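Student: got a sequence here, can you build the structure:
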Amino acid sequence: MTPPEATQAGQKGQAGATPPAVSLCALVTLQQRADFLKANHGRRQGTPGFLLQARKRQTDEAATETIRVGFTCSKKVGNAVARNRAKRRLREIARAVLPIEGQPGWDYVLIGRQSVTATRPFETLKRDLSGALGKIHGTKK
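Tutor: Sure, this is the predicted structure:
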(Lines give C-alpha, C1' and ligand atoms only; values in the text may rest on other atoms or scores of the structure.)
Protein backbone atom coordinates (compact mmCIF):
# COMPACT_ATOMS: atom_id res chain seq x y z
CA MET A 1 0.00 0.00 0.00
CA THR A 2 1.14 3.51 -0.72
CA PRO A 3 0.63 6.35 1.74
CA PRO A 4 -2.19 8.79 0.88
CA GLU A 5 0.30 11.63 0.42
CA ALA A 6 2.08 9.74 -2.35
CA THR A 7 -1.07 9.17 -4.40
CA GLN A 8 -2.21 12.77 -4.04
CA ALA A 9 1.19 14.12 -5.07
CA GLY A 10 1.36 11.69 -7.99
CA GLN A 11 -2.09 12.75 -9.25
CA LYS A 12 -1.11 16.43 -9.38
CA GLY A 13 1.33 15.86 -12.23
CA GLN A 14 3.93 18.34 -13.36
CA ALA A 15 1.51 21.24 -13.82
CA GLY A 16 0.55 21.28 -10.13
CA ALA A 17 4.07 20.86 -8.80
CA THR A 18 5.25 23.69 -6.60
CA PRO A 19 8.81 25.02 -6.84
CA PRO A 20 11.16 24.34 -3.93
CA ALA A 21 10.87 26.84 -1.10
CA VAL A 22 14.64 27.16 -0.72
CA SER A 23 17.69 27.36 -2.91
CA LEU A 24 18.96 24.17 -4.48
CA CYS A 25 22.40 24.77 -2.97
CA ALA A 26 23.36 21.89 -0.71
CA LEU A 27 24.31 22.32 2.94
CA VAL A 28 27.16 20.11 4.10
CA THR A 29 28.21 19.81 7.73
CA LEU A 30 31.83 20.55 8.66
CA GLN A 31 33.37 17.69 10.61
CA GLN A 32 37.15 18.07 10.36
CA ARG A 33 38.90 20.19 12.98
CA ALA A 34 41.08 21.72 10.27
CA ASP A 35 38.00 23.19 8.57
CA PHE A 36 36.88 24.83 11.83
CA LEU A 37 40.37 26.28 12.29
CA LYS A 38 40.40 27.69 8.75
CA ALA A 39 37.04 29.37 9.37
CA ASN A 40 38.52 30.86 12.55
CA HIS A 41 40.94 32.86 10.37
CA GLY A 42 38.18 34.20 8.13
CA ARG A 43 35.56 36.88 8.72
CA ARG A 44 33.73 37.15 12.04
CA GLN A 45 30.44 38.71 12.99
CA GLY A 46 29.12 38.67 16.52
CA THR A 47 25.43 38.72 17.32
CA PRO A 48 23.68 38.69 20.70
CA GLY A 49 22.78 35.01 20.25
CA PHE A 50 25.93 33.52 18.70
CA LEU A 51 29.19 34.22 16.88
CA LEU A 52 29.38 33.61 13.13
CA GLN A 53 32.69 32.83 11.45
CA ALA A 54 32.86 32.63 7.67
CA ARG A 55 35.45 32.14 4.96
CA LYS A 56 35.42 31.72 1.23
CA ARG A 57 36.96 28.40 0.17
CA GLN A 58 39.76 28.21 -2.36
CA THR A 59 38.92 26.78 -5.78
CA ASP A 60 41.16 23.75 -5.18
CA GLU A 61 39.31 22.76 -2.00
CA ALA A 62 35.97 20.95 -1.66
CA ALA A 63 33.14 21.46 -4.16
CA THR A 64 32.46 25.17 -4.53
CA GLU A 65 28.74 24.78 -5.25
CA THR A 66 28.02 23.74 -1.67
CA ILE A 67 27.61 25.70 1.53
CA ARG A 68 29.43 24.08 4.41
CA VAL A 69 28.39 24.81 7.98
CA GLY A 70 29.66 23.78 11.40
CA PHE A 71 28.34 24.20 14.92
CA THR A 72 30.17 24.36 18.21
CA CYS A 73 29.57 25.28 21.83
CA SER A 74 32.23 25.37 24.53
CA LYS A 75 31.76 24.10 28.06
CA LYS A 76 31.08 27.70 29.09
CA VAL A 77 27.62 27.28 27.51
CA GLY A 78 26.78 24.70 30.17
CA ASN A 79 26.58 20.98 30.67
CA ALA A 80 26.08 18.52 27.80
CA VAL A 81 22.31 18.99 27.81
CA ALA A 82 22.62 22.79 27.47
CA ARG A 83 25.31 22.52 24.76
CA ASN A 84 23.27 20.06 22.73
CA ARG A 85 20.15 22.21 23.01
CA ALA A 86 22.08 25.27 21.83
CA LYS A 87 23.57 23.33 18.89
CA ARG A 88 20.13 21.99 17.89
CA ARG A 89 18.80 25.55 17.75
CA LEU A 90 21.82 26.69 15.72
CA ARG A 91 21.29 23.79 13.27
CA GLU A 92 17.65 24.77 12.79
CA ILE A 93 18.37 28.43 12.07
CA ALA A 94 21.12 27.39 9.65
CA ARG A 95 18.69 25.07 7.80
CA ALA A 96 16.17 27.90 7.57
CA VAL A 97 18.45 30.80 6.58
CA LEU A 98 21.66 29.57 4.91
CA PRO A 99 20.14 27.98 1.78
CA ILE A 100 18.45 31.31 1.05
CA GLU A 101 21.01 33.90 2.18
CA GLY A 102 24.30 31.96 2.31
CA GLN A 103 26.66 31.93 -0.64
CA PRO A 104 27.93 28.76 -2.31
CA GLY A 105 31.64 28.18 -1.84
CA TRP A 106 31.64 29.53 1.71
CA ASP A 107 32.20 27.82 5.06
CA TYR A 108 30.21 29.06 8.06
CA VAL A 109 30.73 28.18 11.72
CA LEU A 110 28.10 29.12 14.31
CA ILE A 111 29.38 29.29 17.87
CA GLY A 112 26.88 29.25 20.71
CA ARG A 113 26.98 31.83 23.49
CA GLN A 114 26.64 31.16 27.20
CA SER A 115 23.02 31.19 28.46
CA VAL A 116 21.79 33.14 25.41
CA THR A 117 21.69 30.75 22.45
CA ALA A 118 19.39 28.28 24.21
CA THR A 119 16.99 30.93 25.56
CA ARG A 120 16.81 33.59 22.84
CA PRO A 121 13.56 33.52 20.80
CA PHE A 122 13.90 31.41 17.65
CA GLU A 123 12.74 34.14 15.24
CA THR A 124 15.23 36.55 16.78
CA LEU A 125 18.04 34.04 16.24
CA LYS A 126 17.03 33.74 12.58
CA ARG A 127 17.10 37.54 12.22
CA ASP A 128 20.52 37.58 13.91
CA LEU A 129 21.88 35.08 11.37
CA SER A 130 20.36 36.97 8.46
CA GLY A 131 21.89 40.24 9.65
CA ALA A 132 25.29 38.67 10.31
CA LEU A 133 25.36 37.13 6.81
CA GLY A 134 24.47 40.50 5.32
CA LYS A 135 27.35 42.17 7.15
CA ILE A 136 29.85 39.45 6.23
CA HIS A 137 28.91 39.55 2.54
CA GLY A 138 28.56 43.34 2.44
CA THR A 139 24.86 43.44 1.59
CA LYS A 140 23.75 45.12 4.86
CA LYS A 141 25.30 47.82 6.97
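
Student: contacts and neighbour counts: CA atoms only from here.
Tutor: OK.

Student: can you give me the strands for this structure?
Tutor: Counting by DSSP state E, the chain has strands at residues 27-29, 43-46, 50-56, 67-72, 106-112.

Student: in JSON lines: those strands, plus mean neighbour count, distance to residue 94 and mean pLDDT.
Tutor: Compiled in JSON lines, those are given as follows (neighbours: other C-alpha atoms under 10 Å; distance: least, C-alpha to C-alpha, whole Å; pLDDT from 0 to 100):
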{"stretch": "strand 27-29", "mean neighbour count": "15", "distance to residue 94": "9", "mean pLDDT": "87"}
{"stretch": "strand 43-46", "mean neighbour count": "16", "distance to residue 94": "15", "mean pLDDT": "94"}
{"stretch": "strand 50-56", "mean neighbour count": "21", "distance to residue 94": "11", "mean pLDDT": "94"}
{"stretch": "strand 67-72", "mean neighbour count": "22", "distance to residue 94": "8", "mean pLDDT": "93"}
{"stretch": "strand 106-112", "mean neighbour count": "24", "distance to residue 94": "9", "mean pLDDT": "94"}
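
Student: center of this structure, which residue is that?
Tutor: Nearest to the geometric centre of the chain sits residue 94, at 2.3 Å (C-alpha atoms, centre = their mean).

Student: who's in contact with it?
Tutor: 69, 129 (C-alpha atoms under 8 Å, 6 or more residues apart in numbering).
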